[in-house]
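Q: coords please:
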Amino acid sequence: MRGRELCRISHTLQHSSTKRHVVISSKASSSGLPKPRLDYRDITENVVFKSHNAFNRKASLPLGALQKISKLYEDQKTLSSTLNKRRHEQSQVGELIKKAAKTAQAKQAALQEAKALKAEISGLETTLAEVDTELFSLALAVPNDTHPDVPIGPESAAVTLSEHGPAPVPSSSSRDHVSIGRQLGLIDLESAATVTGSSWYYLLNEGALLELALTNYALSVAIRHGFTPVTTPDVVRSDIAYRCGFQPRDPTSDTPVSQMYHVSNSLSSSGDGTGTHVHPELVLAGTAEIPLAGMFADKIFLPQELPKKVVGLGRAFRAEAGASGTDTRGLYRVHQFTKLELFVVSMESQSEAMMEELRRLQTEIFEGLGLSFRVLDMPTEELGASAYRKYDIEAWMPGRGGWGEISSTSNCTDYQARRLHIRYKAGITDGNTPPSKAATCFAHTLNGTAAAIPRLIVALLENGARFDGAGAVVGIDLPKVLKPFWVGGDTEIIQWV
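A: Below is the predicted model of the structure:
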């Protein structure tokens, strides 16, 4: 690929868009993980399908991005092949120079060829690096594929898969969880606003005990189903968050809007007298899914070790809680909350069955709480970048006058695993193939909410409030499944039902 073809690729790169939709470097990352292993061939062989899929999911991709990826992938292969040939020729010229050492004219000709090859190889390497960078950047923004049964469209196109629990309690403003919580001394929003700001809260008295009971109840159900308990770090490297499919910063905003809380970078002494260094960018985790996924990064499992099932307890931090157009009243949408997260690493053949297992586990938790709830198959525009399929669970909240999301479950297939290098050895179940000879495949990952505590408290307060004859709140009826996890003893406010 001398001359014209190399110039064509270089010209294309110089005039391509400089806008970047991702921040994961194609080189070394702050987490120390190798760069994501994206399937360029799959994208190239399915450009039409991938384009329709991105459109249905309202993915933020530049116009013609999939076609550009296909072209860049072909350029990458051509450049790599040509570069390898030139390097081979360069090694042969080196031998030719040695043989022509006694003939000045032949030696001069060999040296001139070597110089030309060196210049061409340098140009090829530069062009290939530019192609690699742009190809990686574009491909990284391509969303996961979508399960064929997922409804197409916005949130309103969601399909109800099942309904559970008693008939919904009639809507009533008297059942608003904020007024109930204030009257019973369970929540304090005003002090939190003074200390931190809006959309922060204190839980008091039975409200604090309710958080502990809900957490341990849901944890006990998960453990009974074979999930290993984990307490997670709430601070993660931003690189890990990106690899999980989260955007710590909003790439579509013209201003530096942050979707996560960022820990300020700081300089510290290296300790070896060489000066200072900057710490990698850290963020507060929006969900324990992120540190749980990171826990399995760059690991290879044997088939008999999968599925790996863990349940992680952490604090979730959401910088966008007070975003415009959202319901920010009380505990429903807050900046920080306790969340119990289910996470699974499985083989490809196991992931759809594991998603149904997560759904059954969540159903058991919420049925035990006596809630009226429904399970929804979420449509394409609600899947985000990583989910192949997503179920949401909504509970009836009569004080809010509608259904409110309390949980979700996602099958991310190999989207996160390719970025985090979570793999397994395939084809050794017969016991005859040694692991060293077995193919290495990317695992599938799944996640689901076992308990988002504030949302559950909203549902329990609004459905379980007790009133006297004058309509004043006098207490809360709580499900008896929580009583074994109640550490505060008997109280006049609480009745177990």
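Q: Which parts of the stretch 51-200 of the chain are helices?
A: 65-99, 104-140, 177-183, 189-195 (DSSP state H, counting those that start in this stretch).
Q: In the third one, which residues are buried?
A: Judged by neighbour count using 16 or more other C-beta atoms under 10 Å, the buried positions of helix 177-183 are 177-182. The C-beta positions use only the backbone N, C-alpha and C, and glycine is treated the same way.
Q: before we move on, what about stretch 151-165?
A: Residues 151, 158, 165 are the ones in stretch 151-165 that count as buried (16+ other C-beta under 10 Å).
Q: The last one and Ala192: what is the separation?
A: Separation of Gly165 from Ala192 (C-beta to C-beta, to the nearest Å): 31 Å.
Q: Equivalent analysis for the second one, please.
A: Distance of Ala158 to Ala192, given as C-beta to C-beta: 33 Å.
Q: do Asp149 as well
A: As judged by C-beta to C-beta, Asp149 and Ala192 stand 42 Å apart.
Q: got it, and Arg466?
A: 26 Å.
Q: okay, those two: which has more neighbours?
A: Ala192 (19 against 14; other C-beta atoms under 10 Å).
Q: That one reaches Gly330, doesn't it?
A: No. Taking C-beta atoms under 8 Å as the definition, Ala192 is not a contact partner of Gly330, at 11.2 Å.
Q: On the three-state scheme, Leu446 is what?
A: strand (DSSP: H, G, I helix; E, B strand; the rest coil).
Q: Could you find the closest non-adjacent residue to it?
A: Residue nearest to Leu446 in three dimensions, not counting chain neighbours: Val344, with 4.3 Å by C-beta to C-beta, 6 or more residues apart in numbering.
Q: Low-confidence ranges, the stretch 151-300 of the chain, go.
A: 248-258, 265-279 (pLDDT under 70).
Q: all strands of it, in order?
A: Along the stretch 151-300 of the chain, the stretches classed as strands by DSSP state E, counting those that start in this stretch are 159-164, 187-188, 202-203, 228-231, 235-237, 262-263, 267-269, 276-278, 282-284, 299-301.
Q: Can you say which of those strands is nearest to Val375?
A: In terms of C-beta to C-beta, the element of the strands of the stretch 151-300 of the chain nearest to Val375 is strand 159-164, at 4.6 Å.
Q: Off-centre distance for the closest one?
A: Here strand 159-164 is found 25 Å from its chain centre; the criterion is C-alpha atoms, centre = their mean, to the nearest Å.
Q: show me the contacts for Arg57.
A: 143, 146, 380-381, 383 (C-beta atoms under 8 Å, 6 or more residues apart in numbering).
Q: Which of those sits closest to Arg243?
A: Of these, the one sitting nearest to Arg243 (C-beta to C-beta) turns out to be Pro143, at 14.6 Å.
Q: Look up how far Ala319 lies from the closest one.
A: Taken as C-beta to C-beta, the span from Pro143 to Ala319 is 23 Å.
Q: higher neighbour count, those two?
A: Pro143 (23 against 19).
Q: per-residue confidence for Ile24?
A: Confidence at Ile24, expressed as pLDDT, is 57.
Q: can you tell me which residues contact Met347?
A: Neighbours of Met347 in contact, by C-beta under 8 Å, 6+ apart: 303, 306-307, 424, 426, 441, 443-444.
Q: if we go to 7 Å?
A: Residues near Met347 by C-beta atoms under 7 Å, 6 or more residues apart in numbering: 303, 306, 424, 443-444.
Q: can I get those residues in JSON lines with distance to Thr363 and pLDDT?
A: Conversion of those to JSON lines gives the following (distance: C-beta to C-beta, whole Å; pLDDT from 0 to 100):
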{"residue": "Pro303", "distance to Thr363": "29", "pLDDT": "94"}
{"residue": "Leu306", "distance to Thr363": "24", "pLDDT": "97"}
{"residue": "Tyr424", "distance to Thr363": "28", "pLDDT": "97"}
{"residue": "Ala443", "distance to Thr363": "25", "pLDDT": "98"}
{"residue": "His444", "distance to Thr363": "22", "pLDDT": "98"}
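Q: In strands, which of the residues you listed appear?
A: 424, 444 (DSSP state E).
Q: quick one: which of the contacts of Met347 is nearest to Tyr201?
A: Closest to Tyr201 out of these is His444 (36.4 Å), distances taken as C-beta to C-beta.
Q: Quickly find the element holding the closest residue to that closest one other than its chain neighbours.
A: Among residues not flanking His444 along the chain, Ser351 sits closest, at 3.7 Å (C-beta to C-beta, 6+ apart). If you go by DSSP states H and E, Ser351 is part of helix 351-368.
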